[in-house]
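Asks: Sharing a model that was predicted from the sequence below.
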Amino acid sequence: MTRILSATLLFLMFGLRAVTAQQDPGVWVQVEAQPSLREARDRAQAYANTLPDVNGFRLNSGWYAIVVGPYLRSDAEQVLRVYRAEGQIPSDSFIAFSNTLGQQFWPIGANVLNRGAVTPPVEPEVQPEQNLTEIQPQSTDETRSEALQNERLLTAQERKDLQTALQAAGFYNSTIDGAFGQGTRRSMGDWQRFNGYEPTGVLTTLQRQALMEEYNAPLISVGMAPYSDDQAGIAMDMPLGAIEFDQYKAPFAHFQSSTDLGAKALLISQDGTKSTLRALYDVMQSLEIIPLNGPRELKGDRFTLEGRGNGIVSYTQAKLQDGQIKGFTLVWPENDEARRIRVLAAMTSSFETSEAVLDASAGADAEQRIDLVSGLQVRKPRLSRSGFFADASGTVLTVSEAADSCTRITLDGDQEAEVAWTDADLGVSVLRPSQALAPMSVAEFSADRPRIQSEVAVSGYSYQGALGAPTLTYGQIADIRGLDGEEGVKRLALNAQPGDAGGPVFNDSGNVVGMLLPTPSEGRTLPDSVSLSASVERLTDILTQAGVSGQSGQASAQISPNELNRRAAGMTVLVNCWD
């Protein structure tokens, strides 16, 4: 009789759940999240080989979640307990709700988001001798009165956290003050109704837990946890599931990515003054991890830097206090903004310092390279070419490729400039600096037509700025026309480098007789000794179009190599094109 009763009881129990499931959208057990669709599909397939009800959805954060379900809330908690105990799912798996899930990607072509809860694969927790009359519909884990009593034990911050979580879920749009007035109660009731609970307006202990788990899912997905560095004297929460400590290289503690997410972080710790803080502010803006686009501020004893571009978003903050500079940098991939904001907020709010400071010699034995600063790659321009001053206010003539589709153009590293005029046919551009400059030397254009086989020299940044100054390359004029006999171009017998393009061509009197043009490619390779130069006539015409008057030179005797070098160094500029 007992066996018959038990069988009947299980039948009724599953039948009751089936009826309830048709009316309940259910909840899910989220077991994993991956940053790429390919990885997520591979992991979903792996879970589907051993577990039923495996589904995959894109999250609002841009990641891809693998979940099982949907089940009734009580069933989902039972599935979570059983699967965890059996080791079939990670120990940090948690209950997830349908409103956090987007488009389904697994099984391919499926759409089960609103089909209702299904019967779980684990047996319900029912005692064999349980009387049928004891089977009741699902109820809350606490009465409203009990929930209110437990709610009174919450701290002010915990109450604010609940309002913040309700706001993030789209149910609360008022002030985060920790006061549970009518607006908060109404939001709680709306959240309960949306998630299949009785809308009492007071969250039970388990409901508060479910709400905060949902809100903290972005942090859980990257393993947000407390971290303390005794050498740097910094303690804070960090996404330790996505990054790991790499090395010390003063003044930084480096954290590299431990997944294909590509996140990185720095802890900043050094002794210093306001001058040190300013120097750090300037140096960090030259780093590859700080993209050019974004707000930045240096104010008193602190600074912040934000940058977006090249596939990353970067944030840095640093503060000078009691002779010590402490701060951090977070580098995060673009298109994951919702999660980045949560991670950054958690890092900022938890940031604490102690008296310890990173040893200035830390990492001194690490790799030494001219393009590294404390182990960090210095930002490099997309293209570097030469140019030269054409008037006393700092107008520059250069080749168009040095100014084409650039986010930012700089002269000699830090002076910003913009394109004033371009001759697309010749490939020459006129640049106007953002602020008027005072060149040491300005081009004096030769009025005499150059003669074939006359000696010339090109001043340019042959190695694209690596030497810190222009070099002179000597040669001859091979023809007063181009390769196809075109006017306005001269052919030189001169072995130039790509970085020399845009540099002035001098005659032996120190006057400018042209500008070096890039070597044409067009599917053919020219001898190394063949170079091309724009003529003075074409250059002065381009300057006129840009509203600039070129300066005519006076015929004079041959000048010394030292004098030519002095003129060239004062006139030639490094033109950088930045993405």
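Replies: Arrived safely.
Asks: how much space between the residue nearest the centre of the chain and D336?
Replies: When C-alpha atoms, centre = their mean is applied to the chain, the residue found nearest the centroid is I312 (1.6 Å). Using C-beta to C-beta, to the nearest Å, I312 is found at 10 Å from D336. The way it works is simple: take the backbone N, C-alpha and C, and place the C-beta from them, glycine included.
Asks: before we move on, what about F252?
Replies: 23 Å.
Asks: State the pLDDT value of the residue nearest to the centre of the chain.
Replies: According to the prediction, I312 has pLDDT 94.
Asks: Run a quick check on it versus N293, I expect a contact.
Replies: No: checked against C-beta atoms under 8 Å, the pair I312 and N293 is beyond contact range at 11.1 Å.
Asks: residues in contact with stretch 161-176?
Replies: Contacts to stretch 161-176, defined as C-beta atoms under 8 Å, 6 or more residues apart in numbering, come from residues 99, 154, 160, 177-178, 183-184, 187-188, 190-191, 194, 203, 208, 211-212, 214-215.
Asks: repeat that for 10 Å
Replies: Residues outside stretch 161-176 that contact it (C-beta atoms under 10 Å, 6 or more residues apart in numbering) are 97, 99-100, 151, 154-155, 159-160, 177-184, 186-195, 203, 208, 211-216, 218, 338, 342, 345.
Asks: Next: stretch 304-311.
Replies: Residues external to stretch 304-311 that are found in contact with it (C-beta under 10 Å, 6+ apart): 262, 281, 284-285, 287-298, 313-319, 327, 329, 331, 333-335, 379, 407, 578-579.
Asks: who has more neighbours, F252 and D336?
Replies: Between F252 and D336, counted using other C-beta atoms under 10 Å, F252 has the larger neighbour count: 27 against 21.
Asks: Which stretches in the chain count as helices?
Replies: Ranges of helices within the chain are 2-23, 37-48, 73-86, 144-151, 156-168, 182-194, 205-215, 217-221, 274-284, 337-350, 536-545, 561-571, based on DSSP state H.
Asks: can you pull the buried residues of the shortest one?
Replies: Spelled out, that is helix 217-221. Buried residues in helix 217-221, counted by 16 or more other C-beta atoms under 10 Å: A217, P218, L219, I220, S221.
Asks: need those residues in JSON lines with distance to G460 and pLDDT, can you?
Replies: What follows is the buried residues of helix 217-221, written out as JSON lines (distance: C-beta to C-beta, whole Å; pLDDT from 0 to 100):
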{"residue": "A217", "distance to G460": "56", "pLDDT": "87"}
{"residue": "P218", "distance to G460": "51", "pLDDT": "87"}
{"residue": "L219", "distance to G460": "52", "pLDDT": "90"}
{"residue": "I220", "distance to G460": "55", "pLDDT": "87"}
{"residue": "S221", "distance to G460": "51", "pLDDT": "86"}
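Asks: Can I get those residues in a markdown table including distance to E86?
Replies: Output for the buried residues of helix 217-221, formatted as a markdown table (distance: C-beta to C-beta, whole Å):
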| residue | distance to E86 |
| --- | --- |
| A217 | 23 |
| P218 | 27 |
| L219 | 26 |
| I220 | 21 |
| S221 | 23 |
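Asks: of all these, which comes closest to E444?
Replies: P218 (63.1 Å; C-beta to C-beta).
Asks: Ignoring the adjacent residues along the chain, who's closest to the closest one?
Replies: Spatial nearest neighbour of P218, chain neighbours left out: R339 (4.1 Å); criterion: C-beta to C-beta, 6 or more residues apart in numbering.
Asks: what's around that neighbour, how many residues?
Replies: R339 is flanked by 26 other residues according to other C-beta under 10 Å.
Asks: Please apply the same query to A345.
Replies: 13.
Asks: Now do the contacts for it.
Replies: T164, L219, D237.
Asks: From A338, how far off is it?
Replies: Counting by C-beta to C-beta, the gap from A345 to A338 is 11 Å.
Asks: Next: T259.
Replies: Computed as C-beta to C-beta, the T259 to A338 distance reads 18 Å.
Asks: Repeat that for A555.
Replies: The gap separating A555 from A338 is 69 Å, by C-beta to C-beta.
Asks: Likewise for R451?
Replies: 69 Å.
Asks: So for these two, which sits in the more crowded spot?
Replies: A338 (14 against 9).
Asks: circling back to that earlier point, how about the helices of the chain, which one is nearest L431?
Replies: Comparing the helices of the chain against L431 with C-beta to C-beta, the closest turns out to be helix 536-545 (11.6 Å).
Asks: Render the CA-only coordinates of the closest one in CSV, please.
Replies: What follows is helix 536-545, C-alpha atoms only, in CSV (Å, rounded to 0.1, in the frame of the first residue of the first chain):
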residue,chain,number,x,y,z
VAL,A,536,59.5,74.3,-56.6
GLU,A,537,56.9,75.6,-59.1
ARG,A,538,54.3,73.0,-58.1
LEU,A,539,55.1,73.5,-54.3
THR,A,540,54.7,77.3,-54.5
ASP,A,541,51.4,76.9,-56.4
ILE,A,542,50.1,74.5,-53.7
LEU,A,543,51.1,77.0,-51.0
THR,A,544,49.3,79.8,-52.8
GLN,A,545,46.1,77.6,-53.0
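Asks: for this structure, which spans come out with low pLDDT?
Replies: 1-24, 61, 123-140, 364-375, 521-524 (pLDDT under 70).
Asks: That one - how does it break down into domains?
Replies: 2-134, 144-219, 222-377, 383-578 (automatic domain parsing).
Asks: Enumerate every residue touching the closest residue to S441 other than its chain neighbours.
Replies: For S441, ignoring the flanking residues on the chain, the nearest one in space by C-beta to C-beta, 6+ apart is G570 at 3.2 Å. G570 makes contact with F388, F389, P439, M440, S441, V442, S459, P470 under the criterion C-beta under 10 Å, 6+ apart.
Asks: again, 7 Å this time
Replies: By C-beta atoms under 7 Å, 6 or more residues apart in numbering, the contact list for G570 reads P439, M440, S441.
Asks: Need the residues you listed in CSV (columns: distance to P107 and neighbour count).
Replies: Compiled in CSV, the contacts of G570 are given as follows (distance: C-beta to C-beta, whole Å; neighbours: other C-beta atoms under 10 Å):
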residue, distance to P107, neighbour count
P439, 68, 18
M440, 71, 11
S441, 72, 16
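Asks: Perfect, I'm done here.
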